[in-house]
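Colleague: Got a sequence here, can you build the structure:
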Amino acid sequence: MLTFKKIAGMDSPWFAEVDALYESAFPLHEKREQQAKASALRNERYELQAWFDGEQFIGMIGAWRFSCYTYIEHLAVNGKLRARGYGKRMLSQFLQMHPLTILEIDPLTTEIAHKRLRFYQSLGFHENGYEHVHPSYHEGIADHELIVLSYPQQISEEQYQRFNEDLCDVVMAWNG
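Modeller: Numbers count the residues shown, from 1 in each chain. The predicted model follows:
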């Protein structure tokens with residue numbers, strides 16, 4: 001059984017290691033700037049988790065809890081430990097605690113994107129056909145198109161609209 005520790009602030013133990021993984025795992029257009037990271041950590045809906053196998057740091061999940069679902073904004077496994085099943089174990093345990101979970105993946109334009117979709121589908125995620133654009137994390141960088149996945153079933157149009165509003169008004173609010 002994997003374990004996780006909640007990171008309450010930038011001065012928390014494990015923040016530096018989680019942040020280093022975050023910075024290396026995601027491209028610039030998918031990452032928060034330092035001030036926006038601090039803002040997210042202050043938001044009661046946001047939870048940053050450092051995941052462990054025993055004492056070994058294996059990955060991180062950054063998620064937002066809403067009344068009817070949880071949104072995984074970021075999930076990454078330590079690069080030295082990839083392809084050992086940690087992502088699947090980490091996410092499986094997370095899903096047991098969060099009955100309806102939503103996340104986004106890149107459009108299916110590369111083999112890596114197709115592989116990522118298959119990974120999430122193997123855990124019970126479903127593709128949703130809504131045209132979806134994620135707001136930009138940075139001024140001067142365009143919003144980007146993503147595919148919305150949900151677990152354990154597809155979401156309704158109403159659920160998608162609620163998610164998109166929460167994404168724009170809460171998740172992407174910089175001064176929360």
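
Colleague: Mind giving me the packing neighbours of the helix or strand where Glu145 lies?
Modeller: Taking DSSP states H and E as the definition, Glu145 sits inside strand 144-151. Counting contacts by 3 or more C-beta pairs under 8 Å, 6 or more residues apart in numbering; DSSP states H and E, strand 144-151 packs against strand 101-105, helix 111-122, strand 126-134, helix 157-166. (Each C-beta comes from the backbone N, C-alpha and C, glycine too.)

Colleague: Starting from that strand, tell me which strands it pairs with and how they run.
Modeller: strand 101-105 (antiparallel), strand 126-134 (antiparallel) (DSSP bridges).

Colleague: buried set for the helix or strand of the chain with the lowest mean pLDDT?
Modeller: For the chain, the helix or strand with the lowest mean confidence is helix 34-42, at a mean of 93 (criterion: mean pLDDT, DSSP states H and E). Neighbour counts over helix 34-42 (16 or more other C-beta atoms under 10 Å) mark Ala36, Lys37, Ser39, Ala40, Leu41 as buried.

Colleague: elements contacting that helix?
Modeller: Helix 34-42 is packed against strand 46-53, with contacts defined by 3+ C-beta pairs under 8 Å, 6+ apart.

Colleague: which of the strands paired with strand 144-151 is buried the deepest?
Modeller: Highest mean neighbour count among those (mean count of other C-beta atoms under 10 Å): strand 101-105, with a mean of 21.

Colleague: what angle do that strand and helix 157-166 make?
Modeller: Counting by axes from the mean of the first three to the mean of the last three C-alpha atoms, to 10 degrees, strand 101-105 points 70 degrees away from the direction of helix 157-166.

Colleague: Give me the distance between Thr109 and His144.
Modeller: 12 Å (C-beta to C-beta, to the nearest Å).
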